[in-house]
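Chemist: Predicted model, plus sequence, below.
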Amino acid sequence: MASYVTPKKNTQFIFYIGLVQQADTRLLKAIPTLAAADFNVSIDGGALAALGTTPTVTPAAGRMVKVTLSTSEMNGDNITVVCSDNAGAEWCDQIINIQTSARQIDDLAYPATSGRSMVVDAAGLVDANTVKVGATGAGTAQTARDLGASVLISSGTGTGQLDVTSGSVKATLSNGVTHGGSTAIVTMKTLTVDPGSGNGDAVIVNGGAASGATPAGHGIKVTGGAASTTGGGTSAEAIQCIGGAGAASTNGASAGIVSTGGGTTTVTGGAGIVATGTGNLDGLQTTGAGSGAGMLLTGGATGAALKATNTTGDVITVTGVAGNAAAIALAGQGSGSALKLTGGATGHGLTAIGGATSGNGIRASGTAGNSAAMNLLGQGSAAGLLTTGGDTGPGLTASGGATSGAGINALGGATGGAAINGTASVFTTALTISGGVGATITGSAGNGITVNSSGSNGHGISALGNGTGHGILATGGTTGHGLSAVGGNTSGNGIKATGTAGNSVAMNLVGQGSAAGFLSTGGATGHGMSLVGGGTSGDGLNATVTSGTELRALPTFSVQTDAGNSATAVKTNRTEATNDFWKDALLVIRTGALKGQVKKVSAYDGTTKIITVSSAFTGTPADGVVIDLVNQ
């Protein structure tokens with residue numbers, strides 16, 4: 001029979017009650033009428049619900065009522081049963097609360113032999129004499145060593161012994177040591193491996209071979225020590241490698257790491273080193289000492305010396321040290337590239353940051369002769385080179401070769417890709433070029449240079465000539481323009497030319513054949529061309545009429561005082577006596593409150609000199625306002 005002492009949580013519980021009759025509260029009701037709705041249960045103060053089993057009078061025709069609570073109805077710490085006679089007036093209401101426990105008396109341990117007891121001292125501790133440990137009747141007698149007493153190790157080199165000297169245990173690992181588990185764990189503070197004399201390797205570790213879909217394991221997987229949370233203790237590298245020291249002038253020092261990729265002539269080889277950074281940490285960090293390189297890489301017959309691939313971050317980030325040192329110094333061999341980089345889906349192939357003072361992030365110098373310092377080829381719609389200047393430094397500085405080699409030799413894409421695409425912030429320069437020939441740029445079908453100012457009022461190009469040299473000399477291709485300039489988003493001009501102090505001309509343009517010397521198209525709100533004269537008498541635009549060429553100025557007039565002036569008709573100071581002489585011409589208000597408004601002439605009176613427009617201005621032009629006449 002199951003025990004109900006104490007009531008156990010999540011375990012069926014049965015108890016008996018008596019119901020007091022309402023007619024005489026001194027007596028219990030015999031054979032009370034019971035219904036399902038009369039008995040409800042609440043678990044830990046929750047909503048009341050009818051009992052799953054309706055209580056019954058047990059034994060029949062008596063006064064005892066049997067109440068059964070199911071496992072789910074007992075799944076709480078406080079179980080409350082509410083008894084209420086809903087159908088009539090036979091018996092009185094009552095509430096019964098039951099507090100459950102995790103265990104019952106039946107769950108407690110007890111001696112196998114009834115009547116035996118434990119000895120408890122004054123401190124509440126139980127005395128126990130352990131003689132044997134093991135199965136009943138077959139236990140093993142215990143000794144002090146079994147109970148954790150201090151026992152000396154038997155030092156020696158025989159079977160089952162340890163070679164102990166001053167508390168340190170010596171161990172010898174012979175070649176070909178294996179273990180049967182999937183992971184070998186050795187915990188020690190310091191491990192020193194000495195292979196002895198000869199050219200034997202100190203440690204040889206082979207990773208586990210792949211099996212089915214399970215990949216191969218690492219030969220060595222090492223994690224550097226973590227930094228302390230207090231006291232300023234820094235973290236350490238996972239592996240620190242120091243090359244062997246040289247013994248004489250003919251026996252030089254060796255590299256800290258020599259890495260050779262796997263593979264054969266018929267199997268694709270693996271990389272000699274695979275470095276993956278986590279979080280913001282570098283996958284590989286190297287520092288050269290003295291004149292030695294931090295990393296020396298030599299490519300194979302057809303393989304790259306270094307192959308780096310990433311998906312979103314930078315593949316390689318190199319920062320020059322303080323001073324004037326270059327971040328990367330590379331020399332190609334034969335027809336091979338010194339460095340070949342491919343950017344990830346959103347990351348750059350190369351990110352270079354110059355030194356703290358004047359060192360360049362990348363410095364490329366053409367060799368003696370006519371070779372280019374850098375040869376860049378854009379892919380698809382991406383530029384061959386994208387540079388962003390620092391706070392005060394240019395994005396790219398290029399110096400031409402000793403004789404005729406250009407500092408930059410850039411070739412535009414076949415379908416219109418720009419050879420160089422420079423983007424400047426509000427107060428920085430996208431590209432600064434100087435040299436014998438600062439840059440030679442040739443477009444095949446598209447533009448040689450496309451420059452867009454990202455700032456609101458910044459210029460696309462700001463060019464200054466030296467001596468008799470031009471600030472910009474641009475020659476158009478067969479179908480392309482020598483120079484194509486687009487103004488800023490708001491008020492920046494595509495080209496802004498300012499004459500220097502004195503009488504110099506801001507721009508000097510010469511047309512070729514039937515082509516115009518200058519063709520400009522204004523933007524949505526900006527001018528196609530904005531010219532400002534010199535400081536004294538230099539013109540913003542100086543145009544000279546050659547033989548057979550006519551230079552015409554726009555005819556203008558000023559509004560004359562007249563009572564009939566309105567938003568659609570004004571009196572002019574024109575002298576033409578022919579009616580409708582100016583019909584269909586355009587009126588452009590140059591001055592006054594209505595400056596910039598344009599209307600078409602619908603009539604001109606040669607006698608009164610009154611011009612009428614086809615649609616009204618927003619107001620009446622004031623007396624003296626200057627108006628241009630266009631397209632007469």
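Modeler: Received the coordinates, thanks. Residues are numbered from 1 along each chain as shown.
Chemist: quick one: low-confidence parts of the stretch 1-150 of the chain?
Modeler: For the stretch 1-150 of the chain, the stretches with pLDDT under 70 are 1-2, 109, 127-150.
Chemist: All the strands of it, residue numbers only.
Modeler: Counting by DSSP state E, counting those that start in this stretch, the stretch 1-150 of the chain has strands at residues 13-18, 39-43, 49-50, 56-57, 64-69, 78-83, 94-99, 119-120, 126-127, 132-133, 140-141.
Chemist: same check, this time on the stretch 501-632 of the chain
Modeler: Assigned by DSSP E, counting those that start in this stretch, the strands in the stretch 501-632 of the chain fall at 530-532, 556-558, 569-571, 586-589, 598-604, 610-613, 626-630.
Chemist: Now render those as JSON lines, adding mean neighbour count, distance to residue 227 and mean pLDDT.
Modeler: C-beta here means a position set from N, CA and C on the backbone, and glycine is covered the same way. Listed next are those as JSON lines, based on neighbours: other Cβ atoms under 10 Å; distance: least, Cβ to Cβ, whole Å; pLDDT from 0 to 100:
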{"stretch": "strand 530-532", "mean neighbour count": "17", "distance to residue 227": "60", "mean pLDDT": "58"}
{"stretch": "strand 556-558", "mean neighbour count": "17", "distance to residue 227": "79", "mean pLDDT": "94"}
{"stretch": "strand 569-571", "mean neighbour count": "21", "distance to residue 227": "83", "mean pLDDT": "96"}
{"stretch": "strand 586-589", "mean neighbour count": "18", "distance to residue 227": "73", "mean pLDDT": "93"}
{"stretch": "strand 598-604", "mean neighbour count": "17", "distance to residue 227": "72", "mean pLDDT": "95"}
{"stretch": "strand 610-613", "mean neighbour count": "20", "distance to residue 227": "81", "mean pLDDT": "96"}
{"stretch": "strand 626-630", "mean neighbour count": "17", "distance to residue 227": "75", "mean pLDDT": "92"}
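Chemist: Could you check how many residues crowd around the closest residue to residue 105 other than its chain neighbours?
Modeler: Spatial nearest neighbour of residue 105, excluding adjacent residues (Cβ to Cβ, 6 or more residues apart in numbering): residue 5 at 5.2 Å. Counted by other Cβ atoms under 10 Å, the residues lying close to residue 5 total 9.
Chemist: pretty sure residue 5 is touching residue 107, no?
Modeler: No. With contacts defined as Cβ atoms under 8 Å, residue 5 does not count as touching residue 107, sitting 10.9 Å away.
Chemist: domain ranges for this structure?
Modeler: As given by automatic domain parsing, the domain ranges for the chain are 13-107, 552-632.
Chemist: In CSV: the strands of the stretch 501-632 of the chain, plus distance to residue 64.
Modeler: Below are the strands of the stretch 501-632 of the chain laid out as CSV (distance: least, Cβ to Cβ, whole Å):
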stretch, distance to residue 64
strand 530-532, 109
strand 556-558, 122
strand 569-571, 117
strand 586-589, 112
strand 598-604, 109
strand 610-613, 113
strand 626-630, 116
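Chemist: Quick check: which of the strands of the stretch 1-150 of the chain is buried the most?
Modeler: strand 39-43 (a mean of 19; mean count of other Cβ atoms under 10 Å).
Chemist: Output the contacting helices and strands for it.
Modeler: In terms of contacts (3 or more Cβ pairs under 8 Å, 6 or more residues apart in numbering; DSSP states H and E), strand 39-43 is packed against strand 49-50, strand 78-83.
Chemist: In JSON lines, list these along with distance to residue 235.
Modeler: Shown next, in JSON lines, are the helices and strands packed on strand 39-43 (distance: least, Cβ to Cβ, whole Å):
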{"stretch": "strand 49-50", "distance to residue 235": "59"}
{"stretch": "strand 78-83", "distance to residue 235": "53"}
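Chemist: Distance check, residue 58 against residue 66.
Modeler: 4 Å (Cβ to Cβ, to the nearest Å).
Chemist: between these two, what contacts are shared?
Modeler: residue 16 (Cβ atoms under 8 Å, 6 or more residues apart in numbering).
Chemist: quick one, what contacts the closest residue to residue 52 other than its chain neighbours?
Modeler: Among residues not flanking residue 52 along the chain, residue 70 sits closest, at 5.0 Å (Cβ to Cβ, 6+ apart). The neighbourhood of residue 70, defined by Cβ under 8 Å, 6+ apart, consists of 12, 52-53.
Chemist: what are the bridge partners for residue 587, then?
Modeler: Beta-bridge pairing of residue 587 under DSSP bridges involves residue 599, residue 629.
Chemist: Now do the contacts for residue 165.
Modeler: residue 155.
Chemist: Show me what it is bridged to.
Modeler: residue 168.
Chemist: Need the pLDDT of it.
Modeler: Confidence at residue 165, expressed as pLDDT, is 80.
Chemist: just residue 282 next, same as before
Modeler: So, for residue 282, pLDDT stands at 63.
Chemist: Equivalent analysis for the one 3 residues further on, please.
Modeler: You'll see residue 285 listed with a pLDDT of 72.
Chemist: what's the answer for the one 10 residues further on, then?
Modeler: Residue 295 carries a pLDDT score of 72 in this model.
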